[in-house]
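Student: Okay, predicted coordinates and the sequence, questions at the end:
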Amino acid sequence: MKIEQFEDTNLAHYSYAIISKGEMAVIDPARDPKPYLDFARNNNARITTIIETHPHADFVSSHLELSKKTGASIYVSRLVGAEYPHETFDDDDSIILGEITLKALNTPGHSPDSISIVLINEVGKETAVFTGDTLFIGDCGRPDLRENAGAITATRSDLAKQMYNSLHNKLMTLPDDVEVYPAHGAGSLCGKGLSEKNRSTIGTEKVSNWSLQDLTEREFVNELLADQPFIPKYFPYDVALNKKGASDFEKSIKAVERREPITCKKCATSLDEKIIVIDTRPQEIFKKMHLKNAINLMNDKKFETWLGSIVNQGEKFYLIAENDAQLDVLIARIAKIGYENQIELAFVLEFGEAQMEVFDTEKLKEDESAYTIVDIRNSSEIKNNRIFKDAIHIPLHELRERTNEIPVHKPIVVHCAGGYRSAAGSSILRSKMNGSSEVFDLSEAVKEFKK
């Protein structure tokens, strides 16, 4: 038997392949099916089984495409209401894979339709559990993503109570030496305190994971509901898309329309001014030359998460990159959250009609009151760490909808924690303000003001 873990570092997503006697199961596959197909081929295995622990909110799964390419059956809980061909997989259901058995456990809490998969080895011993978004290393799944999404909805409070039962009365009853394989790690927005570790054991988690400690249900619910991270705009859309089954990955990214580089003002004016521009070039290049209504969302580790937090589901956008190779990478990353169909055009920019001044931080140090300071960090970040006493707090994912709350009688300075988000935030405000106020990006200089 062989277990292989695949990691998408940008989305902090783990998926798995299990091989026994030439048969292979895939659990929670990412949008691109190629790594699983290659792994099967390289190990002389045949993909026979695909399991979804729940309809994911933070990424698009390739379960339907993998099934079409291999003939493998897809297994999900009956509660999902899956709209693609599938087999139901719930409590007491088992799948024989070569010489091992995969057993379903209904473990609602993150979602009403979540399952975990227990691996029983060749001699009948429970050796591993694939916990999806129910049990993470050091944490458990958030319970507030399915209040308005999926075939079955539930309040966050009800799901938190279900999570308590799933953890304490199901997963904790497994032997201490059972290995835990979660669907996410540190950096995922599907929980609030995930460990950097990519696997653990039930026994280790009983000692170190707050959610498995000796808490009453009420204590657990209160702790779980407190301080969960924000919900990106694309999350409900991905739940629905995964419930339906996504289109083929390669066909989707190849269908994105691309055009020759934009080199002059005449070419730039051919674009629709009502459609936003996502300019992924480094901020030092963007500030020297960009289109007037562009948002500087740089090609960084969290690009797809922030794209799906700023751009609404269904909203068209132009995509700009430094070169054609970067366009290829970015379109593939955008497809991981199902937004590739929203790209109106993708192109390289060789002309710009706007510039952004480099901010003189000494002036801010001399007189903070001369500026309107906008802090676009998340609420949890500023709770005990305000950088500027009188800053207006509007998180980046809400900024486009709340620009009318920002006074324009003074120059505006935008900051985050390190410079990535402030590049996006300041460019959003510049495009929205339309010259009614100067807008500056504090960028990495914010570190000079941290106490």
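Tutor: Noted; the coordinates are in hand. All figures in this text were calculated on a predicted structure; none of them were measured in a lab.
Student: Count the neighbours of Lys34 for me.
Tutor: By other Cβ atoms under 10 Å, 11 other residues sit near Lys34. (Glycine included, C-beta is placed from N, CA and C.)
Student: Could you pull up phi and psi at it?
Tutor: In terms of degrees, to the nearest 10, the main-chain angles of Lys34 are phi -60, psi -40.
Student: quick one: contacts for it?
Tutor: Applying Cβ atoms under 8 Å, 6 or more residues apart in numbering, we find Lys34 in contact with Phe249.
Student: Against Ala40, how distant is it?
Tutor: As judged by Cβ to Cβ, to the nearest Å, Lys34 and Ala40 stand 11 Å apart.
Student: and if you look at Ala128?
Tutor: Applying Cβ to Cβ, the value for Ala128 to Ala40 is 19 Å.
Student: Repeat that for Pro29.
Tutor: Distance, Pro29 to Ala40, by Cβ to Cβ: 12 Å.
Student: Between these two, which is the more surrounded one?
Tutor: Taking other Cβ under 10 Å, Pro29 and Ala40 do not tie; Pro29 has more neighbours (25 against 22).
Student: Could you grab the helix/strand/coil label for the more buried one?
Tutor: Under DSSP: H, G, I helix; E, B strand; the rest coil, the three-state class of Pro29 is coil.
Student: Isn't it up against Leu64?
Tutor: No: Pro29 lies out of contact with Leu64 (Cβ atoms under 8 Å); the separation is 10.0 Å.
Student: which regions of this structure sit below the pLDDT cut-off?
Tutor: Scanning the chain for pLDDT under 70 picks out the ranges 451.
Student: Tell me how the chain divides into domains.
Tutor: Following automatic domain parsing, the chain resolves into domains at 2-240, 247-348, 361-448.
Student: Relative to the whole chain's centre, how far out is the longest one?
Tutor: Yep, that's domain 2-240 we're talking about. Taking Cα atoms, centre = their mean, to the nearest Å, one finds domain 2-240 lying 15 Å from the centre of the chain it belongs to.
Student: how close does the residue nearest the centre of the chain sit to Arg31?
Tutor: With distances taken as Cα atoms, centre = their mean, Asp58 lies nearest the centre of the chain, 4.1 Å away. According to Cβ to Cβ, Asp58 stands 11 Å off from Arg31.
Student: With Ala332 instead?
Tutor: From Ala332 to Arg31 the distance is 8 Å (Cβ to Cβ).
Student: Check Phe440 too.
Tutor: With Cβ to Cβ as the criterion, Phe440 and Arg31 are 37 Å apart.
Student: quick revisit: quick one, which of the domains of the chain gets closest to Gln355.
Tutor: domain 247-348 (6.2 Å; Cβ to Cβ).
Student: Next, the distance between the ends of that closest one.
Tutor: Length of domain 247-348, first residue to last, Cα to Cα, to the nearest Å: 26 Å.
Student: cool, stretch 222-229 as well?
Tutor: Using Cα to Cα, the end-to-end distance of stretch 222-229 comes out at 15 Å.
Student: Show me what counts as buried in it.
Tutor: For stretch 222-229, the neighbour count (16 or more other Cβ atoms under 10 Å) marks Leu224, Gln228 as buried.
Student: can you pull the contacts of the residue located most distally from the centre of the chain?
Tutor: Here the centre of the chain is the reference, and by Cα atoms, centre = their mean the most remote residue is Glu366, at 39.7 Å. The contact partners of Glu366, by Cβ under 8 Å, 6+ apart, come to none.
Student: partner residues bridging the residue nearest to Leu291 when sequence neighbours are not counted?
Tutor: What sits nearest to Leu291 in space, not counting adjacent residues and going by Cβ to Cβ, 6 or more residues apart in numbering, is Val277, at 5.2 Å. In this entry, Val277 is beta-bridged to Ala294, Tyr318, by DSSP bridges.
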